[in-house]
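**Student:** Predicted coordinates and the sequence they were generated for:
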2 protein chains.
Amino acid sequence: MPSNQQVLINSLPSGKLQASDYRLADAPMPVPGDDEVLIETSAFAITAGTRAGLQGSASYAGAPKAGIVMNATGVGRILESNAAGFNPGDTVQAPTGWQTHCTAKAAAVSKIPPQDDPIAWLGPLGINGLTAYFGLLDIGRPVSGDTVMVSAAAGSVGHMVGQIATLKGARTVGIASSNTKLHTLTAQLGFAAGVNYREDDYREALKAATPKGVDVYFDNTGGPILGSALFRMNVGGRIACCGVVSQYDTDRPEPGPKGVPGLLVNKRIRMQGFLVFDFAKRYEEARADIRKWLNSGEMIMLTDTILGLEAAPDAFVDLLAGGNVGTRVVQIKPHPAGVV
Amino acid sequence: MPSNQQVLINSLPSGKLQASDYRLADAPMPVPGDDEVLIETSAFAITAGTRAGLQGSASYAGAPKAGIVMNATGVGRILESNAAGFNPGDTVQAPTGWQTHCTAKAAAVSKIPPQDDPIAWLGPLGINGLTAYFGLLDIGRPVSGDTVMVSAAAGSVGHMVGQIATLKGARTVGIASSNTKLHTLTAQLGFAAGVNYREDDYREALKAATPKGVDVYFDNTGGPILGSALFRMNVGGRIACCGVVSQYDTDRPEPGPKGVPGLLVNKRIRMQGFLVFDFAKRYEEARADIRKWLNSGEMIMLTDTILGLEAAPDAFVDLLAGGNVGTRVVQIKPHPAGVV
């Protein structure tokens, strides 16, 4: 009998996440209930935000615990359907988790139109792309000529934030952890400048890269990079708070930056957190724009593919150390349509 | 010859402000230049925000230095005018500083209408009242039924924030440093509840006082009270960042609260700094509302009067330690109209 191969949380991490916090397992093939579908996963995304969930109750991702399948958004093919509107063979996006098969309620499943690359639903057309779109345009609200700074700029969300900012007429400055990443951003993705936060002269380099200050800061990291941004913000600046990756891979989060709230007052800064799910009613509006940009070449899809379910734990540990450029995708099996 | 009695900054404070950081001085009577008026000060306000200026460059208040007159907004009577629209005998509000006489450019001087109590122009109709009005209504944006929390709630701005929130239909919770202050807020000014942040059980008491969480937090303090508010904020909450009094009376500001930016993301909180001067074009609109509330008794003017210019340094040190209830006013001499 075919089985469902899974990666389970072996233990909630103490300190930095390690691959040994996960373990492989075989489970019986799941059976879809009423209004559910059975999905064969072809790929899933690994994103830093899921690390927050492993810290427990403070995260929007809920509180994973030892013994359950690690959560992830994936794409795949429907094998069986008990849900109206879904049929075997449909390509879908769903909360697959790190496993070869899953069942899901119809409400949690999105049908992927035939003209879309399914992998794009883990990147620009998926949660990462929608997060970049709404966080930048609705929370950050850049106008043409603004300087937009983005941290974790080579990451799943950041590399799309920078591209959207650039195509909206902003001057985009990316912060990342290596010069190789920065080269990709500036040479291929339209960023005006990049700054390596691991260099000793980071603060001076940031100042040089933002001669007119910063109007919009898209914050994926929190911590010291947020602190450095506060000092570069212009009067009336906006900070879109998207994630806190600098504080995820630890059980001892640092205090907040010194400039809060003093610099917010002096510079009349708006600092606003958001979750993409609050924009769910407008996803299709965003996808229409993003498809247009992908088709015109104004936005480039950058995927960092890892092969094999069993590679997921190492791929996650490496991502938290800054190892990825673009959307990190674990590919389990080629998509039947041959696209993936 | 009559002289101008002044309080000068003797030395910029290191650590906590002390009265000995100031000294009394006699100066020649100032002579108004073109487009200037000579004003005899009757009273001025002492506000925590001016302490920030003594920390140097990071403040909107500029950078005072040893040897100059301490800055303050005051009210008084014009003795001489070289400015169109101003005449001797006019009652005005102006940046008088801590001195019996000053000259000021016409643009910095506001004529006080005869029907207004001049002291109200240091409180509800002055910068403090306008700060409460715009910060609460434009930045915090409470709606009827919201819970509004305000820190330094018995202070110059806080006691008006609470009153405006209450008359807009919010449930208002004030944070202050003594039970006597809290009694004034709840028994006289319409606050629904008060919490003493100096008590050991502060966090539990705050939780009990905000059973439905906090929708709007008007932050006058920053520091640990801001931290406590972040944990009580509801999803979609707004924090109006007005001042950072917890960090003014020191040369070693603390780091920011732990919840920034993590809790901002999870709860989709908007945290926004503001300065009242950005609303200058709308001051008369606000004053019309505030006059109406004062006349109807919906807003109570609470003044904490200290007599004599020479008492200003001690009055400021005491204010920074939490000694005032309402707007602290130093009265130099009775107003000629007998109102003050």
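**Tutor:** Sure, I can see it.
**Student:** Is stretch A:258-265 in proximity to chain B?
**Tutor:** Yes - interface with chain B: stretch A:258-265 contributes A:258-265 (CB under 8 Å from any CB of the partner chain). Using the backbone N, CA and C atoms, a C-beta is placed for each residue, glycine as well.
**Student:** Rebuild these as CSV, extending it with secondary structure, neighbour count and pLDDT.
**Tutor:** Shown next, in CSV, are those (DSSP: H, G, I helix; E, B strand; the rest coil; neighbours: other CB atoms under 10 Å in any protein chain shown; pLDDT from 0 to 100):
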residue, secondary structure, neighbour count, pLDDT
A:258, coil, 15, 86
A:259, coil, 25, 88
A:260, coil, 29, 94
A:261, coil, 29, 94
A:262, helix, 23, 92
A:263, helix, 24, 94
A:264, helix, 29, 96
A:265, helix, 26, 95
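**Student:** I'd like to know which of those residues is nearest to residue A:328.
**Tutor:** residue A:260 (30.6 Å; CB to CB).
**Student:** Next up, phi/psi of that closest one, please.
**Tutor:** In this entry, residue A:260 is assigned phi and psi values of phi -100, psi 120 (degrees, to the nearest 10).
**Student:** Next: residue A:73.
**Tutor:** Backbone torsions of residue A:73, given as degrees, to the nearest 10, read phi -90, psi 130.
**Student:** can you pull the contacts of it?
**Tutor:** A:44-45, A:47, A:93-96, A:122, A:126-127 (CB atoms under 8 Å, 6 or more residues apart in numbering or on different chains).
**Student:** just residue A:83 next, same as before
**Tutor:** Residue A:83 touches A:32, A:35-37, A:105-106, A:109, counting by CB under 8 Å, 6+ apart.
**Student:** among the residues you listed, which ones are buried?
**Tutor:** When burial is judged by neighbour count using 16 or more other CB atoms under 10 Å in any protein chain shown, the buried members of these are A:32, A:36-37, A:106, A:109.
**Student:** just checking, which of those residues belong to strands?
**Tutor:** Taking DSSP state E as the definition of strands, those contribute A:36-37.
**Student:** and which of the buried ones among the contacts of residue A:83 is nearest to chain B?
**Tutor:** residue A:109 (25.3 Å; CB to the nearest CB).
**Student:** Does that closest one touch residue A:94 like I think?
**Tutor:** Yes - with contact defined as CB atoms under 8 Å, residue A:109 counts as touching residue A:94 (4.6 Å).
**Student:** what is in contact with the two at once?
**Tutor:** A:37, A:39.
**Student:** Please identify the residues of the stretch 151-300 of chain A in proximity to chain B?
**Tutor:** Counting by CB under 8 Å from any CB, the stretch 151-300 of chain A sits next to chain B at A:219, A:222, A:226, A:239, A:241-244, A:247, A:253-275, A:278.
**Student:** Keep only those of those that are in helices.
**Tutor:** A:226, A:262-266 (DSSP state H).
**Student:** could the residues you listed go into TSV alongside distance to residue B:304?
**Tutor:** Below are those laid out as TSV (distance: CB to CB, whole Å):
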residue	distance to residue B:304
A:226	38
A:262	26
A:263	30
A:264	28
A:265	24
A:266	27
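**Student:** for those, which one is nearest residue A:26?
**Tutor:** residue A:226 (43.0 Å).
**Student:** The closest one: neighbouring residues, count only.
**Tutor:** 25 (other CB atoms under 10 Å in any protein chain shown).
**Student:** what's the answer for the one 4 residues further on, then?
**Tutor:** Neighbours of residue A:230 under the rule other CB under 10 Å: 24.
**Student:** same question, the one 5 residues further on
**Tutor:** The number of residues packed around residue A:235, counting by other CB under 10 Å, is 14.
**Student:** and it, helix, strand or coil?
**Tutor:** Three-state assignment for residue A:235 (DSSP: H, G, I helix; E, B strand; the rest coil): strand.
**Student:** which residues does residue A:210 contact?
**Tutor:** Per CB under 8 Å, 6+ apart, neighbours of residue A:210: A:147, A:149, A:173, A:193, A:232.
**Student:** how about 10 Å then?
**Tutor:** A:147-149, A:171, A:173, A:192-193, A:195, A:217, A:229, A:232-234 (CB atoms under 10 Å, 6 or more residues apart in numbering or on different chains).
**Student:** so can I have CSV of those residues showing secondary structure, pLDDT and neighbour count?
**Tutor:** Listed next are those as CSV, based on DSSP: H, G, I helix; E, B strand; the rest coil; pLDDT from 0 to 100; neighbours: other CB atoms under 10 Å in any protein chain shown:
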residue, secondary structure, pLDDT, neighbour count
A:147, strand, 98, 25
A:148, strand, 98, 29
A:149, strand, 98, 33
A:171, strand, 98, 22
A:173, strand, 98, 25
A:192, coil, 98, 18
A:193, strand, 98, 20
A:195, strand, 98, 25
A:217, strand, 98, 28
A:229, helix, 98, 27
A:232, helix, 98, 20
A:233, strand, 98, 26
A:234, strand, 98, 17
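**Student:** Can you tell me the SS state at residue A:200?
**Tutor:** coil.
**Student:** Kindly report the same for residue A:310.
**Tutor:** Strictly by three-state DSSP, residue A:310 counts as helix.
**Student:** any idea how far it lies from residue A:99?
**Tutor:** In this structure, residue A:310 and residue A:99 are 12 Å apart, going by CB to CB, to the nearest Å.
**Student:** More neighbours: these two, which one.
**Tutor:** For residue A:310 versus residue A:99, neighbours defined as other CB under 10 Å are more numerous around residue A:99 (24 against 14).
**Student:** That one touches residue A:22, doesn't it?
**Tutor:** No - look at residue A:99 against residue A:22 with CB atoms under 10 Å: they stay out of range, at 11.8 Å.
**Student:** what is in contact with the two at once?
**Tutor:** Common neighbours of residue A:99 and residue A:22 (CB under 10 Å, 6+ apart) are A:6-8, A:70, A:312.
**Student:** Understood, closing this out.
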